[in-house]
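[1] Sequence isn't available, so here's the structure alone:
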């Protein structure tokens with residue numbers, strides 16, 4: 001068992017999974033893209049992985065200091081070169097009674113999410129389907145990508161009209177199975193601007209992201225269609241008031257196994273306090289009038 005400890009977080013213990021070392025890096029805050037249909041001409045990469053994801057609320061001035069501290073160890077994600085390319089918009093599925101959200105609110109040790117994410121503003125051409133499971137502090141995720149028009153086909157249980165690579169078919173089947181098992185339907189869109197960084201060390205699964213301008217709106221159809229006029233600010237940890245007159249941002253530290261020493265020192269140096277926070281769950285509570 002690999003042991004992971006960050007100041008103020010306690011001990012995280014888990015077995016490290018084995019993955020195909022020939023997989024290639026690609027986009028998104030996770031550090032990995034997904035197998036995509038051949039018509040999109042994108043390379044297949046890892047579809048399954050597990051990692052620790054630790055979250056911290058920061059003021060904007062503190063976020064800039066944190067990034068300056070981490071700069072020697074990180075490179076900017078090539079897919080977040082411009083402000084609009086950093087935007088990610090996610091459709092979350094849930095049960096009629098918001099069971100996924102409820103389990104997160106109750107801090108259930110084993111909880112799941114079904115979501116579909118598109119990058120960029122305006123929206124890009126690929127939709128990344130994710131089956132995300134969190135067991136205590138460890139995140140396990142499966143991903144695959146299809147062209148955005150296929151979202152309606154998958155959610156309506158119609159055949160997709162493009163070729164799906166063999167390594168993505170299992171994840172597609174799992175996504176549909178979980179959707180049908182829980183009778184999950186689109187509930188919300190959540191969006192933010194994400195500034196993403198990855199380790200300068202080749203092959204090291206270490207990432208740092210900063211999310212800003214967290215917003216949501218109701219999802220009323222199976223089409224991935226958002227209305228830019230309907231975004232609503234997501235409250236911060238149950239408090240809708242801006243922090244000292246300004247919205248705060250969310251720092252996430254992500255790593256497989258043990259964190260690098262510089263990350264431990266970063267948390268210690270700035271006395272960061274880990275937060276249990278979910279953008280989707282907080283938005284769902286707002287939508288339901290429970291905040």
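    Here it is on my side, so go on. Just so you know, these numbers come straight off a predicted model, no measurement behind them.
[2] mind checking how far residue 249 is from residue 58?
    Distance, residue 249 to residue 58, by CB to CB, to the nearest Å: 6 Å. (Glycine included, C-beta is placed from N, CA and C.)
[3] hmm, I was thinking of residue 108
    27 Å.
[4] higher neighbour count, these two?
    residue 58 (19 against 12; other CB atoms under 10 Å).
[5] re the thing from before, now for residue 249 and residue 58: what residues contact both?
    residue 210 (CB atoms under 8 Å, 6 or more residues apart in numbering).
[6] Near residue 84, how many other residues are there?
    Residue 84, neighbours per other CB under 10 Å, totals 10.
[7] isn't it right up against residue 120?
    Yes - with contact defined as CB atoms under 8 Å, residue 84 and residue 120 form a contacting pair (6.4 Å).
[8] pLDDT weak spots in this protein?
    Within the chain, the ranges that satisfy pLDDT under 70 run 1-49, 137, 236-246, 290-291.
[9] could you pull out the strands for it?
    Here the chain has its strands, by DSSP state E, at 2-6, 10-14, 48-58, 74-76, 87-94, 110-119, 126-135, 138-147, 185-199, 206-218, 232-233, 249-255.
[10] Who does the shortest one pair with, and is each partner parallel or antiparallel?
    Think strand 232-233. strand 206-218 (antiparallel) (DSSP bridges).
[11] Report the beta-bridge partners for residue 206.
    Per DSSP bridges, the residues bridged to residue 206 are residue 255.
[12] State the distance from it to residue 54.
    Distance of residue 206 to residue 54, given as CB to CB: 12 Å.
[13] Show me whatever sits in contact with both of the two.
    The contact lists of residue 206 and residue 54 share residue 254, where a contact means CB under 8 Å, 6+ apart.
[14] Residue 70 touches residue 262, doesn't it?
    Yes - Residue 70 is within contact range of residue 262, at 7.0 Å (criterion: CB under 8 Å).
[15] for the closest residue to residue 205 other than its chain neighbours, phi and psi?
    Leaving aside its sequence neighbours, residue 205 sits nearest to residue 256 (CB to CB, 6 or more residues apart in numbering; 4.0 Å). Backbone torsions for residue 256, taken as degrees, to the nearest 10, come to phi -100, psi 120.
[16] Correct me if wrong: residue 256 contacts residue 203.
    No - using CB under 8 Å, residue 256 is not in contact with residue 203, being 10.5 Å away.
[17] Which one's more surrounded, those two?
    Higher neighbour count among residue 256 and residue 203: residue 256, with 21 against 7, using other CB under 10 Å.
[18] Let me know how buried residue 278 is, in neighbour terms.
    For residue 278, the count of nearby residues is 19 (other CB under 10 Å).
[19] mind checking how far it is from residue 131?
    On the measure of CB to CB, residue 278 and residue 131 end up 16 Å apart.
[20] Near residue 101, how many other residues are there?
    Under the neighbour criterion other CB under 10 Å, residue 101 is assigned a count of 26.
[21] residue contacts, it?
    Contacts of residue 101 by CB under 8 Å, 6+ apart are 94, 278, 280, 281, 284, 285.
[22] Repeat that for residue 87.
    119, 120, 121, 191, 192, 193, 194.
[23] Now distance to residue 157 and neighbour count too, for those residues, in a markdown table please.
    Output for these, formatted as a markdown table (distance: CB to CB, whole Å; neighbours: other CB atoms under 10 Å):
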| residue | distance to residue 157 | neighbour count |
| --- | --- | --- |
| 119 | 26 | 24 |
| 120 | 28 | 16 |
| 121 | 30 | 18 |
| 191 | 26 | 23 |
| 192 | 30 | 22 |
| 193 | 33 | 19 |
| 194 | 31 | 23 |
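[24] of all those residues, which comes closest to residue 146?
    Using CB to CB, residue 119 comes nearest to residue 146 of these, at 13.9 Å.
[25] Thanks a lot, catch you later.
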